[in-house]
Structures are given as structure tokens and as C-alpha cells.
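*Asks:* based on what follows, work out the 3D shape:
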Amino acid sequence: MDLAAYFTAEFAEHHAVARDTEAALANAFAGLVRVCARALRAGGKLLFFGNGGSAADAQHLATELTIRYKADRPAIAALALTTDTSALTAAGNDLGFERIFARQIEALGRQGDVAIAISTSGRSANILAALRQARAQRLVTAALAGKGGGDLRDLADHLLVVPSDTTARIQEMHILLGQMLCGALELELGVVAAG
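*Replies:* Sure, this is the predicted structure:
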């Protein structure tokens, strides 16, 4: 194996997807920032969820908001629905894996909150069920996706689809977009100074 060639090719693909994402999602990103800021100003919260690597991203982003991102500032209301092992295993056992996030949204979601799904494929049954539950409760629905968006197109009020079919590249863009969301919200909410 030519490791140098592999290294170069991976970076080349990353850079290409990053450029394509930047070109495709500026308006969608701005819309997501605005709706999240509106919810937070009204006393609402952001609910993040996903499977596998996307679950880790959900936890990462909720932590950046509740604790700190770039600077010390007041906490921003965000939850990852991927962290409570008792809730996840009880829901999985008693209701089925498809309901692990939907049930938590049923319990914790309030009208005006923003439910943010993270899914590379846009086809996971538990992600789709959660967004349906969020819609039924009149939460704002949002999703970070890839691979054309899958079935999220009909369920997400705000959909950011990374223009790639490669899971690794999609996940790289999801964490970039998520961290940009954290930084933009700090600025939009006026809890950190610009600059």
C-alpha cells in the first residue's frame, strides 16, 4: 500500500467535499442558526440525536452549547438524546429501538424547541420516528444529512445535506457544521463578543 498516496487522496476528497458543502449550504446554515436562536431566545432548547458516530456528534455539540465553545459565557440549553443509558435501554427493550429518540422527545420536547437529527443516510427508522414525533408536538425539525438526504426531506423543516455519498466525508462536514452552529449561536445570542 502506498500510504503517501492514500494520505493525499483522502485530503483531496475532504477538500473537495468541504468546498462543495460551503457552496451548497450557506443559506440553509443561516436558516438553521436563525431558527435555533429564535427558539433559545424564547426559552426553548435544542435536542440533538443520531446513531453511532452521529450519536457522538450529538453529545459533542450539546456539550459545546451547555458548557462552553470558544469562551466562558452563560449556558445555552441543549440536550443529547443519546446519553441516558437507562432511557435508551428501557425504550429499546420495552418499545423497540425505533422509539428510543421519539419517546424522549415525547417526554422532553416542547412546542418551539428544535429537534436536530444527525444522519449520514437519512434512512434510520429511529431518526425518522423521532422527527415525526417532533412534528406531532410542533417542535421545529432540522437535520444534518448526506447521501441526498434520504427520507429526511419530508420531515426536516431545515435540512442541510452534505453533497457526498462517502460516510467519512459526510461525518467530517457534520461536525464542522455543528461546531459552526455553536459558534454562530454564541454570536447571534450575544453571549460572546465578535472578533
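*Asks:* now do the helices in the protein.
*Replies:* Here the chain has its helices, by DSSP state H, at 3-41, 53-66, 85-94, 102-108, 125-136, 167-188.
*Asks:* any idea which of those gets closest to residue 156?
*Replies:* Across these, residue 156 has its closest neighbour in helix 125-136 (6.4 Å, CB to CB). For glycine as for every other residue, the C-beta is placed from the backbone atoms N, C-alpha and C.
*Asks:* give me the number of residues near residue 87?
*Replies:* Residue 87: 17 surrounding residues under other CB atoms under 10 Å.
*Asks:* among the helices of the chain, which comes closest to residue 72?
*Replies:* Evaluated over the helices of the chain, closeness to residue 72 peaks at helix 167-188, with 10.8 Å, by CB to CB.
*Asks:* in that closest one, what counts as buried?
*Replies:* Buried residues in helix 167-188, defined by neighbour count with 16 or more other CB atoms under 10 Å: 169-175, 177-179, 181-182, 184-186, 188.
*Asks:* let's have the helices of the chain in TSV, adding distance to residue 150.
*Replies:* Output for these, formatted as TSV (distance: least, CB to CB, whole Å):
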stretch	distance to residue 150
helix 3-41	16
helix 53-66	13
helix 85-94	22
helix 102-108	17
helix 125-136	9
helix 167-188	11
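*Asks:* closest one to residue 115 among these?
*Replies:* helix 125-136 (3.7 Å).
*Asks:* now do that closest one: everything it contacts.
*Replies:* 47, 49-51, 81, 97-103, 105-106, 109, 113, 115, 117, 119, 140-141, 143, 151-152, 155-156 (CB atoms under 8 Å, 6 or more residues apart in numbering).
*Asks:* need the buried ones from the residues you listed selected in ChimeraX.
*Replies:* ChimeraX command restricting the contacts of helix 125-136 to the buried ones, with burial defined by 16+ other CB under 10 Å:
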select :47,49,50,51,81,98,99,100,101,102,103,105,109,113,115,117,119,140,141,143,151,152,155,156
